[in-house]
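> Dropping a prediction and its sequence here:
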Amino acid sequence: MRIHVTYTGGTIGMVESDEGLVIGADMRGWLFRILSEGNEERSDEVTFTELDPLIDSANATPESWQQIIDDLREHRESADAFVVLHGTDTMGYTTAAMSYALTEFGKPVIFTGAQHPLGRIESDATANVTGALNAALSGRARGVNLFFGHHLFAGNRVTKTSSWAFEGFDSPITGPVAQSGTPWHWRDIDRTGRGWANPKPYRRHDVAVIDMVPGITATRFAAMASPQPEAVIIRAYGVGNVPSEEEGLTGAIAGLLDDQVPVVITSQCEQAEVLLGRYETGDAIARAGACSSADMTFEAVYAKTVFLLSQGLRGKELSDWMTVPIAGELTPGVA
């Protein structure tokens, strides 16, 4: 099986400097040493791209997502599976974004990274990269995935849960697709969706993300949504509740919707199903036209909003698509 590796940057390839960790390791040399030590013939079946510029994933943008997509598509015909080395901070956003844009790709893509740089003796880099390669070679991986800490996750169902633990990611709704071991243990995860043929490239869009907190005022909410963005994501409580007794707050949300600005309600809980209208505190914004994010992770919601905006969707059309699975990012019927 032919594998193409795309290196984007991140902690895995960093070295110490006077300003802290910076990108500087010889990723290509390190990777091919691992491959040759395990099987000399295997290294002949692996190609490698180093993106320019390499970045700390904290600096990732939708244009960074598109750069990865372009590299994957460039090598689609010459490889059977793909591994992407990526920083951990925004890897969950990137894997969700990839899932929407690559529904027609037809070949497995496995993302991974590390909590420690590859040059440290305590690093998890080797375990994660070899795990991602094994997932790619398994013949069982489908779509876009993230391998980390001995687990393989669906790329649009995963969230980063720890800045330090080797088990740094989790999939709170569906659980992992597989756990590495002897042998690997695989699970069936529903990853069906409508797909998206010939998607337009990702572009940066003005999406406001606003958290509900005790004591938030309508004035503060309005200020956070000004100048008026292209879409608003509200990280609400529980199943999608907002402070309904806070004077003017639901009116401020309704005002955005009246101006055809889509408002997407997600939850501050990692394990949640957004059910607008189940409580009085969510009913008013539901009647005003706010849309549910169902049981998507926040990363999947944000990436999907940017994806739909990049496809030219606005207003109600965008809102309607939020509860339609494109690549298995949500459970049908949960909204």
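Sure thing, it's come through.
> name the element the residue most central in space within the chain belongs to?
When the chain is reduced to its mean C-alpha position, the nearest residue by C-alpha atoms, centre = their mean turns out to be residue 93, at 2.6 Å. Assignment of secondary structure by DSSP states H and E places residue 93 within helix 91-101.
> which residues touch the residue nearest to the centre of the chain?
Under the criterion of C-beta atoms under 8 Å, 6 or more residues apart in numbering, the contact partners of residue 93 comprise 60, 299, 302, 303. Every C-beta, even on glycine, is put in place using the N, C-alpha and C of the backbone.
> Then residue 137?
In this structure, residue 137 makes contact with 1, 3, 81, judged by C-beta under 8 Å, 6+ apart.
> and it, what are its phi and psi?
Listed backbone geometry of residue 137 is phi -80, psi -10, with angles given as degrees, to the nearest 10.
> Find the residue ranges of the stretch 1-150 of the chain scoring beneath the pLDDT cut-off.
Along the stretch 1-150 of the chain, segments meeting pLDDT under 70 span 38-44.
> just to revisit the earlier point, among the contacts of residue 137, name the ones in strands.
Applying DSSP state E to the contacts of residue 137, the entries found in strands are 3, 81.
> Make a PyMOL selection of whichever of the contacts of residue 137 turn out to be buried.
Here the buried members of the contacts of residue 137 are turned into a PyMOL selection, burial being counted by 16 or more other C-beta atoms under 10 Å:
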select buried, resi 3+81
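> Of the contacts of residue 137, which is the nearest to residue 153?
residue 81 (16.5 Å; C-beta to C-beta).
> those helices in the stretch 51-200 of the chain, which residues are they?
Taking DSSP state H, counting those that start in this stretch as the test, the helices found in the stretch 51-200 of the chain are 62-74, 91-101, 125-137.
> So which of those helices is nearest residue 146?
Nearest of the helices of the stretch 51-200 of the chain to residue 146, taken as C-beta to C-beta: helix 91-101 at 4.9 Å.
> Only alpha carbons, please: show that closest one as CSV.
Output in CSV follows, covering the C-alpha atoms of helix 91-101 (Å, rounded to 0.1, in the frame of the first residue of the first chain):
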residue,chain,number,x,y,z
MET,A,91,-6.2,19.5,14.9
GLY,A,92,-9.8,18.8,15.8
TYR,A,93,-10.9,21.8,13.8
THR,A,94,-8.8,20.7,10.8
THR,A,95,-10.0,17.1,10.8
ALA,A,96,-13.6,18.3,10.9
ALA,A,97,-12.9,20.8,8.1
MET,A,98,-11.3,18.0,6.0
SER,A,99,-14.3,15.7,6.5
TYR,A,100,-16.7,18.2,4.8
ALA,A,101,-14.4,19.0,1.9
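> Show me which parts of stretch 31-39 are buried, residue by residue.
Burial within stretch 31-39, assessed by neighbour count using 16+ other C-beta under 10 Å, is assigned to 31, 32, 34, 35.
> Just the ones in helices from those, please.
In helices, defined here by DSSP state H, the members of those are 31, 32, 34, 35.
> ok, those vs residue 322, which is closest?
Residue 322 has its nearest neighbour among these in residue 31, at 38.4 Å by C-beta to C-beta.
> Rebuild the ones in helices among the buried residues of stretch 31-39 as CSV, extending it with distance to residue 76.
Formatted as CSV, the entries for those read as follows, by distance: C-beta to C-beta, whole Å:
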residue, distance to residue 76
31, 20
32, 22
34, 24
35, 21
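> out of these, who's nearest residue 248?
Distance from residue 248 was checked for each of these by C-beta to C-beta. The minimum falls on residue 31, at 56.0 Å.
> wait, the closest one sits on residue 129?
Yes. Assessed by C-beta atoms under 8 Å, residue 31 is found in contact with residue 129 at 7.0 Å.
> rewinding a little: for the contacts of residue 93, which ChimeraX command selects only the ones that are buried?
Applied in ChimeraX, the following selects the buried portion of the contacts of residue 93 according to 16+ other C-beta under 10 Å:
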select :60,299,302,303
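> So what touches the lengthiest strand in the chain?
Here the longest strand in the chain is taken by residue count, with DSSP E as the criterion, and it is strand 46-55. Around strand 46-55, the neighbours that count as contacts under C-beta under 8 Å, 6+ apart are 2-10, 13, 23, 27-28, 31-32, 35, 64, 67-68, 71, 75, 78-79, 87.
> Would you show me how to pick out the buried ones of those in PyMOL?
Selection command for PyMOL covering only the buried members of these, criterion 16+ other C-beta under 10 Å:
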select buried, resi 3+4+5+6+7+8+9+10+13+23+27+31+32+35+64+67+68+71+75+79+87
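> Pull up the gap between residue 333 and residue 283, please.
Counting by C-beta to C-beta, to the nearest Å, the separation of residue 333 from residue 283 is 20 Å.
> which of these two has more neighbours?
residue 283 (16 against 9; other C-beta atoms under 10 Å).
> Next, work out how far apart the closest residue to residue 27 other than its chain neighbours and residue 4 are.
Nearest non-adjacent residue to residue 27, counting by C-beta to C-beta, 6 or more residues apart in numbering: residue 13, 4.6 Å away. Counting by C-beta to C-beta, the gap between residue 13 and residue 4 amounts to 17 Å.
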